[in-house]
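# Quick one: sequence and predicted model below, then my questions.
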2 protein chains.
Amino acid sequence: MIGQLNHVAIVVPDLAVSRERYTKVLGTNVSAPVDLHEHGIAVCFVELPNTKTELMTPLGTKSPVSAFLGRNPSGGMHHICYEVRDLRAARDHLVAGGARVLGTGEPKLGAHGLPVLFLHPKDFDGTLIELEEIAQ
Amino acid sequence: MIGQLNHVAIVVPDLAVSRERYTKVLGTNVSAPVDLHEHGIAVCFVELPNTKTELMTPLGTKSPVSAFLGRNPSGGMHHICYEVRDLRAARDHLVAGGARVLGTGEPKLGAHGLPVLFLHPKDFDGTLIELEEIAQ
């Protein structure tokens, strides 16, 4: 059911500082930062040959990652995103298996403009899992 | 310098339970569990089309991930492993850039039988980064 690992997301306290460190010290290509006001985050992507690492930081006072950064002032790994081909079918299979979907359970447009759902971290070893529906 | 994302590692409280959940509920292929006594962990791998997720749990009383599980009883994301072609050259570049390498700074054979180094989480947004030297 689960396809590729789309990205691993890391919350960082200062996007510009992290971007420079990934570029200069780790020697990676990192995309230009983008403010996603409607999602309350600013992001850039570490472009790896097989997947990507998302660096994200809160934008505005109501950011969904502000509380995480409050608990982890240095930042930290936030979630893993896996691709699925049919998000509603995946959700139904997951719920039938006892997993909890966060929010209303209905897919929303995620930060990358594709339908997403998040699974309850308590059902997956303290790990927040995002499922993203990719084009067929 | 950094190549592919080799794996994301998640510490889990019960490997058999997690393995079954990833297999049945997420619908993934998961390798058979292997006890790595010399590393103090038992592991299995969620096999994804482009990379893998490592599920690991402490083995024995001196496991390097026992303290992590003590702080995070439900489990949690533990580290990200990136591939490099020349581990010592990567280390020298990182140290010149101000990053700290854990331990003696000399590569050791990791859980997968390849030379590895770990970078200080404080230098990378609270994220423990493993570098693994892959065959040329």
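Looks like it came in fine.

# quick one: contacts for A:L114?
Counting by Cβ atoms under 8 Å, 6 or more residues apart in numbering or on different chains, A:L114 touches A:132-134. Placement of C-beta: from N, CA and C, glycine included.

# redo that, cut-off 6 Å
Taking Cβ atoms under 6 Å, 6 or more residues apart in numbering or on different chains as the criterion, A:L114 is in contact with A:132-133.

# how near is it to A:E132?
Distance of A:L114 to A:E132, computed by Cβ to Cβ, to the nearest Å: 5 Å.

# Over to A:R21?
Distance of A:R21 to A:E132, computed by Cβ to Cβ: 26 Å.

# do the same with A:G3
Distance from A:G3 to A:E132, by Cβ to Cβ: 9 Å.

# Mind listing the shared neighbours of the two?
A:E83.

# Would you mind telling me which of those two has more residues around it?
Here A:G3 and A:E132 are compared on neighbour count by other Cβ atoms under 10 Å in any protein chain shown; more neighbours surround A:E132, at 21 against 18.

# And the pLDDT for A:T61?
pLDDT, A:T61: 82.

# How about the secondary structure of it?
Each residue gets one of three states, and A:T61 gets coil by DSSP: H, G, I helix; E, B strand; the rest coil.

# Could you do A:G105 as well?
Strictly by three-state DSSP, A:G105 counts as coil.

# Spatially, and excluding backbone neighbours, which residue is closest to it.
Nearest residue to A:G105, sequence neighbours excluded (Cβ to Cβ, 6 or more residues apart in numbering or on different chains): A:R91, at 6.6 Å.

# Look up how far A:T127 lies from that neighbour.
For A:R91, the distance to A:T127 - Cβ to Cβ - is 18 Å.

# more neighbours, these two?
Between A:R91 and A:T127, counting by other Cβ under 10 Å, A:T127 is the more crowded of the two (25 against 19).

# Assumed that one was part of a strand.
No. Counting by three-state DSSP, A:T127 falls outside a strand, being coil.

# Make sure it is actually in contact with B:G75.
No. Checked against Cβ atoms under 6 Å, the pair A:T127 and B:G75 is beyond contact range at 7.0 Å.

# any residues in contact with both of these two?
Joint contacts of A:T127 and B:G75 (Cβ under 6 Å, 6+ apart) do not exist.
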